[in-house]
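Trainee: would you be able to build a 3D model of this:
(one chain, ligands or ions: 2)
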Amino acid sequence: MILLSAQFLASAETKKSWPEPGAPEVAFCGRSNVGKSSCLNALANQHGLARVSRTPGRTRLLNFFDFKISEKTRSGARGPTHELRLVDLPGYGYASGPKSEKAGWGSMIDTFLTERESLRALVILVDGDLGPQESDRAMVDFARTLPHQLIVVATKIDKHSKSRREGLLQKAASFLKLDRDQVLGFSSKEKLGVDELWHTLVKAVGTP
Ligand SMILES: Nc1nc2c(ncn2[C@@H]2O[C@H](COP(=O)(O)OP(=O)(O)OP(=O)(O)O)[C@@H](O)[C@H]2O)c(=O)[nH]1
Ligand SMILES: [Mg+2]
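Mentor: Numbering: from 1, shown residues only. Ligands and ions are numbered 1, 2, ... in the order given. Here you go, the predicted structure:
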(Lines give C-alpha, C1' and ligand atoms only; values in the text may rest on other atoms or scores of the structure.)
(Ligands and ions follow the chains in the order given, each with its own letter.)
Protein backbone atom coordinates (compact mmCIF):
# COMPACT_ATOMS: atom_id res chain seq x y z
CA MET A 1 0.00 0.00 0.00
CA ILE A 2 1.11 3.57 -0.67
CA LEU A 3 -0.22 6.16 1.78
CA LEU A 4 -1.14 9.34 -0.05
CA SER A 5 -2.57 11.44 2.79
CA ALA A 6 -3.76 11.26 6.38
CA GLN A 7 -5.45 14.13 8.11
CA PHE A 8 -7.51 14.96 11.13
CA LEU A 9 -11.08 15.87 10.20
CA ALA A 10 -13.07 16.48 13.39
CA SER A 11 -13.76 15.57 17.00
CA ALA A 12 -17.30 14.86 18.09
CA GLU A 13 -19.22 13.88 21.15
CA THR A 14 -22.92 13.84 20.43
CA LYS A 15 -24.67 12.62 17.31
CA LYS A 16 -25.34 16.23 16.34
CA SER A 17 -21.64 16.98 16.09
CA TRP A 18 -20.73 13.97 13.91
CA PRO A 19 -19.28 15.15 10.59
CA GLU A 20 -21.37 14.69 7.46
CA PRO A 21 -20.94 11.15 6.12
CA GLY A 22 -18.20 10.95 3.47
CA ALA A 23 -15.81 8.09 2.81
CA PRO A 24 -16.66 4.65 4.25
CA GLU A 25 -15.78 4.54 7.92
CA VAL A 26 -13.98 2.12 10.20
CA ALA A 27 -14.29 2.49 13.98
CA PHE A 28 -11.32 1.61 16.19
CA CYS A 29 -12.49 0.33 19.57
CA GLY A 30 -10.89 -1.38 22.51
CA ARG A 31 -10.06 -1.08 26.17
CA SER A 32 -8.35 2.08 27.39
CA ASN A 33 -4.63 2.02 26.78
CA VAL A 34 -4.74 -0.94 24.37
CA GLY A 35 -3.08 1.16 21.66
CA LYS A 36 -5.92 2.46 19.44
CA SER A 37 -4.42 5.91 18.88
CA SER A 38 -0.95 4.43 18.39
CA CYS A 39 -2.35 2.03 15.79
CA LEU A 40 -3.88 4.94 13.86
CA ASN A 41 -0.58 6.79 13.97
CA ALA A 42 1.21 3.70 12.65
CA LEU A 43 -1.31 3.48 9.80
CA ALA A 44 -0.73 7.18 9.12
CA ASN A 45 3.04 6.69 9.33
CA GLN A 46 3.35 9.65 11.72
CA HIS A 47 3.62 10.15 15.44
CA GLY A 48 1.34 13.01 16.26
CA LEU A 49 -1.87 12.48 14.27
CA ALA A 50 -3.82 10.91 17.17
CA ARG A 51 -2.96 11.71 20.80
CA VAL A 52 -1.19 8.87 22.59
CA SER A 53 -0.71 8.66 26.33
CA ARG A 54 0.49 6.33 29.04
CA THR A 55 -2.52 7.44 31.10
CA PRO A 56 -5.62 5.41 30.19
CA GLY A 57 -8.59 7.42 29.04
CA ARG A 58 -6.62 9.87 26.90
CA THR A 59 -9.09 9.79 24.01
CA ARG A 60 -12.40 11.16 25.28
CA LEU A 61 -14.17 12.05 22.07
CA LEU A 62 -14.78 10.43 18.71
CA ASN A 63 -11.91 11.55 16.48
CA PHE A 64 -12.31 11.30 12.72
CA PHE A 65 -9.34 11.01 10.34
CA ASP A 66 -9.45 10.95 6.54
CA PHE A 67 -7.02 8.70 4.70
CA LYS A 68 -6.18 8.23 1.04
CA ILE A 69 -4.27 5.13 0.11
CA SER A 70 -3.25 3.40 -3.10
CA GLU A 71 -2.66 -0.22 -3.76
CA LYS A 72 0.75 -1.14 -5.08
CA THR A 73 0.91 -3.17 -8.27
CA ARG A 74 3.41 -6.00 -8.65
CA SER A 75 5.79 -3.69 -10.45
CA GLY A 76 5.58 -1.23 -7.53
CA ALA A 77 3.48 1.31 -9.44
CA ARG A 78 0.40 2.98 -8.01
CA GLY A 79 -2.79 0.90 -8.31
CA PRO A 80 -6.42 1.78 -7.39
CA THR A 81 -6.86 4.52 -4.78
CA HIS A 82 -9.16 4.21 -1.76
CA GLU A 83 -10.56 6.78 0.62
CA LEU A 84 -11.33 5.68 4.16
CA ARG A 85 -12.35 7.51 7.27
CA LEU A 86 -10.91 5.96 10.43
CA VAL A 87 -12.54 6.84 13.74
CA ASP A 88 -10.61 6.70 17.02
CA LEU A 89 -13.03 5.95 19.85
CA PRO A 90 -12.58 6.42 23.60
CA GLY A 91 -11.60 3.22 25.37
CA TYR A 92 -14.07 1.04 27.21
CA GLY A 93 -13.43 -0.38 30.64
CA TYR A 94 -11.66 2.68 31.98
CA ALA A 95 -11.85 2.07 35.73
CA SER A 96 -11.47 5.51 37.26
CA GLY A 97 -13.40 8.68 36.45
CA PRO A 98 -16.89 9.72 37.44
CA LYS A 99 -19.68 7.22 36.84
CA SER A 100 -21.82 9.66 34.89
CA GLU A 101 -18.93 10.38 32.55
CA LYS A 102 -18.29 6.67 32.05
CA ALA A 103 -21.93 6.08 31.19
CA GLY A 104 -21.71 9.03 28.78
CA TRP A 105 -18.75 7.49 26.97
CA GLY A 106 -20.51 4.15 26.76
CA SER A 107 -23.56 5.62 25.14
CA MET A 108 -21.45 7.82 22.84
CA ILE A 109 -19.71 4.70 21.50
CA ASP A 110 -22.90 2.65 21.41
CA THR A 111 -24.86 5.28 19.51
CA PHE A 112 -22.06 5.66 17.00
CA LEU A 113 -21.69 1.94 16.38
CA THR A 114 -25.40 1.30 16.00
CA GLU A 115 -26.56 4.47 14.22
CA ARG A 116 -23.76 5.75 12.01
CA GLU A 117 -24.87 5.18 8.43
CA SER A 118 -21.42 5.44 6.82
CA LEU A 119 -19.83 2.91 9.19
CA ARG A 120 -18.68 -0.21 7.35
CA ALA A 121 -16.27 -2.00 9.64
CA LEU A 122 -15.19 -2.29 13.22
CA VAL A 123 -11.64 -2.90 14.39
CA ILE A 124 -11.55 -4.27 17.92
CA LEU A 125 -8.09 -3.95 19.39
CA VAL A 126 -7.11 -6.33 22.14
CA ASP A 127 -3.92 -6.26 24.18
CA GLY A 128 -1.65 -8.88 22.64
CA ASP A 129 0.65 -8.67 25.63
CA LEU A 130 -1.96 -9.12 28.36
CA GLY A 131 -4.32 -11.21 26.21
CA PRO A 132 -8.00 -10.39 25.53
CA GLN A 133 -10.23 -9.76 28.55
CA GLU A 134 -13.89 -10.46 29.36
CA SER A 135 -14.82 -6.92 28.24
CA ASP A 136 -13.22 -7.67 24.86
CA ARG A 137 -15.21 -10.87 24.51
CA ALA A 138 -18.38 -8.90 25.31
CA MET A 139 -17.40 -6.28 22.70
CA VAL A 140 -16.79 -8.95 20.05
CA ASP A 141 -20.14 -10.57 20.87
CA PHE A 142 -21.84 -7.17 20.55
CA ALA A 143 -20.04 -6.53 17.24
CA ARG A 144 -21.45 -9.78 15.84
CA THR A 145 -24.93 -8.30 16.21
CA LEU A 146 -23.99 -5.33 13.96
CA PRO A 147 -24.09 -5.41 10.16
CA HIS A 148 -20.40 -4.47 9.91
CA GLN A 149 -17.22 -6.30 9.07
CA LEU A 150 -15.26 -7.28 12.15
CA ILE A 151 -11.48 -7.19 12.40
CA VAL A 152 -9.57 -8.02 15.58
CA VAL A 153 -6.09 -6.61 16.09
CA ALA A 154 -3.80 -7.88 18.85
CA THR A 155 -1.53 -4.94 19.79
CA LYS A 156 1.90 -4.70 21.43
CA ILE A 157 3.13 -8.04 20.09
CA ASP A 158 6.66 -6.59 20.15
CA LYS A 159 6.58 -7.40 23.87
CA HIS A 160 6.85 -11.10 23.05
CA SER A 161 9.52 -13.05 21.24
CA LYS A 162 8.76 -14.02 17.66
CA SER A 163 8.50 -17.69 18.61
CA ARG A 164 5.70 -17.00 21.13
CA ARG A 165 3.55 -14.75 18.94
CA GLU A 166 1.73 -17.40 16.93
CA GLY A 167 0.66 -19.21 20.11
CA LEU A 168 -0.62 -15.96 21.64
CA LEU A 169 -2.66 -15.11 18.55
CA GLN A 170 -4.18 -18.59 18.49
CA LYS A 171 -5.10 -18.32 22.15
CA ALA A 172 -6.64 -14.87 21.62
CA ALA A 173 -8.72 -16.14 18.69
CA SER A 174 -10.04 -19.10 20.61
CA PHE A 175 -10.88 -16.95 23.69
CA LEU A 176 -12.89 -14.62 21.43
CA LYS A 177 -14.48 -17.53 19.55
CA LEU A 178 -12.96 -16.41 16.26
CA ASP A 179 -10.98 -18.15 13.54
CA ARG A 180 -7.25 -17.65 13.79
CA ASP A 181 -7.17 -15.67 10.54
CA GLN A 182 -9.61 -13.10 11.98
CA VAL A 183 -6.94 -11.91 14.43
CA LEU A 184 -4.03 -9.79 13.17
CA GLY A 185 -0.87 -9.36 15.17
CA PHE A 186 0.25 -5.73 15.37
CA SER A 187 2.92 -3.52 16.86
CA SER A 188 2.89 0.24 16.53
CA LYS A 189 6.28 0.36 18.13
CA GLU A 190 7.95 -1.92 15.61
CA LYS A 191 5.51 -1.24 12.76
CA LEU A 192 4.48 -4.88 12.50
CA GLY A 193 1.28 -5.72 10.65
CA VAL A 194 0.74 -2.23 9.19
CA ASP A 195 0.51 -3.26 5.54
CA GLU A 196 -1.56 -6.33 6.38
CA LEU A 197 -4.02 -4.20 8.36
CA TRP A 198 -4.31 -1.72 5.49
CA HIS A 199 -5.13 -4.52 3.07
CA THR A 200 -7.72 -5.88 5.48
CA LEU A 201 -9.32 -2.45 5.96
CA VAL A 202 -9.55 -1.76 2.24
CA LYS A 203 -11.11 -5.17 1.66
CA ALA A 204 -13.53 -4.69 4.55
CA VAL A 205 -14.96 -1.38 3.32
CA GLY A 206 -15.13 -2.75 -0.20
CA THR A 207 -14.46 0.52 -2.02
CA PRO A 208 -13.77 0.16 -5.74
N1 LIG B 1 5.34 -1.73 23.36
C2 LIG B 1 4.28 -1.17 22.75
N3 LIG B 1 3.60 -0.17 23.38
C4 LIG B 1 2.53 0.36 22.75
C5 LIG B 1 2.10 -0.10 21.47
N6 LIG B 1 0.99 0.60 21.13
C7 LIG B 1 0.75 1.46 22.13
N8 LIG B 1 1.67 1.33 23.12
C9 LIG B 1 1.73 2.13 24.36
O10 LIG B 1 0.51 1.96 25.08
C11 LIG B 1 0.10 3.18 25.69
C12 LIG B 1 -1.32 3.54 25.25
O13 LIG B 1 -1.34 3.84 23.87
P14 LIG B 1 -2.56 4.65 23.19
O15 LIG B 1 -2.34 4.52 21.73
O16 LIG B 1 -2.66 6.02 23.76
O17 LIG B 1 -3.79 3.77 23.66
P18 LIG B 1 -5.36 4.07 23.44
O19 LIG B 1 -6.00 2.75 23.25
O20 LIG B 1 -5.56 5.08 22.37
O21 LIG B 1 -5.76 4.65 24.88
P22 LIG B 1 -7.06 5.55 25.27
O23 LIG B 1 -7.15 6.67 24.32
O24 LIG B 1 -6.72 5.97 26.66
O25 LIG B 1 -8.23 4.64 25.25
C26 LIG B 1 1.15 4.22 25.30
O27 LIG B 1 2.09 4.32 26.36
C28 LIG B 1 1.78 3.62 24.05
O29 LIG B 1 3.12 4.06 23.86
C30 LIG B 1 2.85 -1.15 20.83
O31 LIG B 1 2.58 -1.62 19.72
N32 LIG B 1 3.92 -1.63 21.53
MG1 LIG C 1 -6.53 6.87 22.41
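Trainee: quick one: pLDDT of the residue in the chain sticking out farthest from the centre?
Mentor: Computed with Cα atoms, centre = their mean, the residue of the chain farthest from its C-alpha average is Ser75, at 29.9 Å. Listed pLDDT for Ser75 reads 89.
Trainee: over to Gly57?
Mentor: Reported pLDDT for Gly57: 66.
Trainee: where does pLDDT dip in this protein?
Mentor: 56-59, 93-105, 207-208 (pLDDT under 70).
Trainee: how about the most centrally placed residue in the chain, secondary structure?
Mentor: With the centre of the chain defined as its mean C-alpha position, the nearest residue by Cα atoms, centre = their mean is Phe28, 2.8 Å away. On the three-state scheme (DSSP: H, G, I helix; E, B strand; the rest coil), Phe28 is labelled strand.
Trainee: okay, and the beta partners of it?
Mentor: Beta bridges link Phe28 to Asp88, Val123, judged by DSSP bridges.
Trainee: where do the helices sit along the chain?
Mentor: Using DSSP state H, the helices of the chain run over residues 36-44, 99-115, 134-144, 162-175, 194-205.
Trainee: and the ones you listed, which is most packed in?
Mentor: helix 36-44 (a mean of 24; mean count of other Cβ atoms under 10 Å). C-betas here are computed from N, CA, C, even on glycine.
Trainee: what packs against that one?
Mentor: strand 2-12, strand 25-30, strand 62-72, strand 78-88, strand 119-127, strand 149-155, helix 194-205 (3 or more Cβ pairs under 8 Å, 6 or more residues apart in numbering; DSSP states H and E).
Trainee: got those as JSON lines, with distance to Gly106 columns?
Mentor: Shown next, in JSON lines, are these (distance: least, Cβ to Cβ, whole Å):
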{"stretch": "strand 2-12", "distance to Gly106": "16"}
{"stretch": "strand 25-30", "distance to Gly106": "11"}
{"stretch": "strand 62-72", "distance to Gly106": "13"}
{"stretch": "strand 78-88", "distance to Gly106": "16"}
{"stretch": "strand 119-127", "distance to Gly106": "15"}
{"stretch": "strand 149-155", "distance to Gly106": "19"}
{"stretch": "helix 194-205", "distance to Gly106": "25"}
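Trainee: can you add distance to ligand 1 and give those back as JSON lines?
Mentor: Shown next, in JSON lines, are the helices and strands packed on helix 36-44 (distance: least, Cβ to the nearest ligand atom, whole Å):
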{"stretch": "strand 2-12", "distance to ligand 1": "13"}
{"stretch": "strand 25-30", "distance to ligand 1": "6"}
{"stretch": "strand 62-72", "distance to ligand 1": "9"}
{"stretch": "strand 78-88", "distance to ligand 1": "7"}
{"stretch": "strand 119-127", "distance to ligand 1": "7"}
{"stretch": "strand 149-155", "distance to ligand 1": "5"}
{"stretch": "helix 194-205", "distance to ligand 1": "11"}
